[in-house]
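> Here is the input, now give the coordinates:
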Amino acid sequence: MRLTAEQAMADLDKAIEATANGPVQIESDGKDVAVLLSPEQYAALAGPVARVPRAELERLMATSMERHGSIYRALAKWEAENEPPEA
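Reported below is the predicted structural model:
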């Protein structure tokens with residue numbers, strides 16, 4: 001289905017319901033500006049959400065601190081010295 005932006009805004013419920021039959025293309029001034037998808041259509045395109053276990057995040061952070069700790073400390077020091085006064 002294809003709608004103008006004006007049509008989609010005027011009847012958003014109809015545009016959302018139309019996603020049951022496939023993506024809804026939205027155009028403005030003759031140009032495609034958006035595509036409205038159902039949650040299932042979006043999930044099919046986006047694929048599974050990658051979840052990184054907390055232990056893996058902690059390992060990555062520790063590795064980053066080992067490699068770049070001096071940079072992090074320098075940035076923290078600079079921020080502390082250059083922090084604007086509280087209003």
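
> Low-confidence ranges, this protein, go.
87 (pLDDT under 70).

> so what are the domain limits for it?
Taking automatic domain parsing as the domain assignment, the ranges for the chain are 2-46, 51-87.

> Helix, strand, or coil at residue 56?
Following DSSP: H, G, I helix; E, B strand; the rest coil, the label given to residue 56 is helix.

> count of residues packed around it?
10 (other Cβ atoms under 10 Å). Any C-beta I mention is one placed from the backbone N, CA and C, and that applies to glycine too.

> What separation is there between it and residue 25?
The spacing between residue 56 and residue 25, counted by Cβ to Cβ, to the nearest Å, is 39 Å.

> ditto for residue 74
49 Å.

> what about those two, which has more around it?
residue 25 (14 against 11).

> So that one sits against residue 31, correct?
No. The criterion here is Cβ atoms under 8 Å, and residue 25 misses it with residue 31 at 10.7 Å.

> Point out the most buried one among the domains of the chain.
domain 2-46 (a mean of 13; mean count of other Cβ atoms under 10 Å).

> That one spans what distance, first to last residue?
The first residue of domain 2-46 is 22 Å away from its last residue (Cα to Cα, to the nearest Å).

> Off-centre distance for whichever helix or strand residue 63 is part of?
Using DSSP states H and E, residue 63 falls within helix 54-82. Taking Cα atoms, centre = their mean, to the nearest Å, the mean C-alpha location of helix 54-82 is offset from the chain mean by 25 Å.

> How about stretch 28-46?
That offset, for stretch 28-46, works out to 14 Å (Cα atoms, centre = their mean).

> Quote the end-to-end distance of it.
First-to-last distance for stretch 28-46 - Cα to Cα - comes to 25 Å.
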